[in-house]
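How does the following fold in three dimensions:
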Amino acid sequence: MTTTSHAPVAGPVPPAPDAKLAVGWMHTARFLTTAAQLHHLPPIDVPEIAFVGRSNAGKSTCINTLTQQKQLAFASKKPGRTQHINLFSLGRQNVTDAVLADLPGYGYAAVSRSDKQRWQQVMVNYLVSRESLTGIVLLCDPRLGLTELDEALLEAVRPRVEAGLKFLVLLTKADKLTRAEQAKVLSITRLQAGGGEVKMFSALKKQGVDEVAQLLWQWSHPQGTAPAGDSAAQEPEPADPAPGPEDSEAP
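Coordinates of the predicted model:
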């Protein structure tokens, strides 16, 4: 398969799909492959959306909630120890019209400094060079706010975001905040997000699920493309071997 760049270009924003369509599309997610190194990832010629965040930001829980699958993304009992990039394909009828990339969590204290540095570099390389990357979802615990590592990631991808890469800061565990606290952290994070979108999310209360599903559908279906299920894109060939999904953070 030929790798094709999907860096978005300026133009009309596609209309938001019906929430039922977008949520149903997310439910089609299925494991594609796992890779310990960037060169083990298969080339992708459909939009690819990466989920990134600190090891305790609730990344696995978020992915599982969005896709309505309890164990699509696995949460490690030892956050930060798993060092794999996991890909999940989206699309009905044995076709793929988008791919989700679940990147290892970062910043967990129990991981050695050398491992942290190595995997931070791998993730930066992925985020700045992966040609099929269309959007990034940065998950953040709103009680902690954007950390130094989050801000470093934002700085690394800034050139691609300015060139059209989609970007969303997703404030997880929103149920742990009052409405007033949510409004305050939304306002602060929007100032820090460098033009990216910011949304609240709660897996427990299902807050933000429909809105995020609709946004990811829009990112994956540029103006004029067919809805999920009618895509002509073929299922990418998984990398070999692909023993199963692994994740790097605790819910």
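
What's opposite the spatially most central residue of the chain in the beta bridge?
The residue lying closest to the centre of the chain (Cα atoms, centre = their mean) is Phe51, at 2.2 Å. Applying DSSP bridges to Phe51 gives these bridge partners: Asp102, Val137.

Isn't it up against Ser60?
No: counting by Cβ atoms under 8 Å, Phe51 stays clear of Ser60, with 9.2 Å between them. Quick note: C-beta positions are derived from backbone N, CA and C, even for glycine.

which residues sit in contact with the nearest residue to Val157 once chain neighbours are set aside?
Nearest in space to Val157, with sequence neighbours left out and distances taken as Cβ to Cβ, 6 or more residues apart in numbering, is Leu127 at 5.1 Å. Neighbour list for Leu127: 50, 52, 133, 136, 153, 156-157, 160 [criterion: Cβ atoms under 8 Å, 6 or more residues apart in numbering].

mind checking the longest helix of this structure?
Secondary structure of the chain read by DSSP state H shows that its longest helix is helix 113-129.

before we move on, back to that, spit out the residues that contact Phe51 and Ser60 alike.
What both Phe51 and Ser60 touch, as defined by Cβ under 8 Å, 6+ apart, is the set Asp102.

which SS state does the residue of the chain most remote from its centre fall under?
When distances are taken from the C-alpha mean of the chain, Ala180 lies farthest, 27.1 Å away, according to Cα atoms, centre = their mean. Using DSSP: H, G, I helix; E, B strand; the rest coil, the secondary structure recorded for Ala180 is helix.
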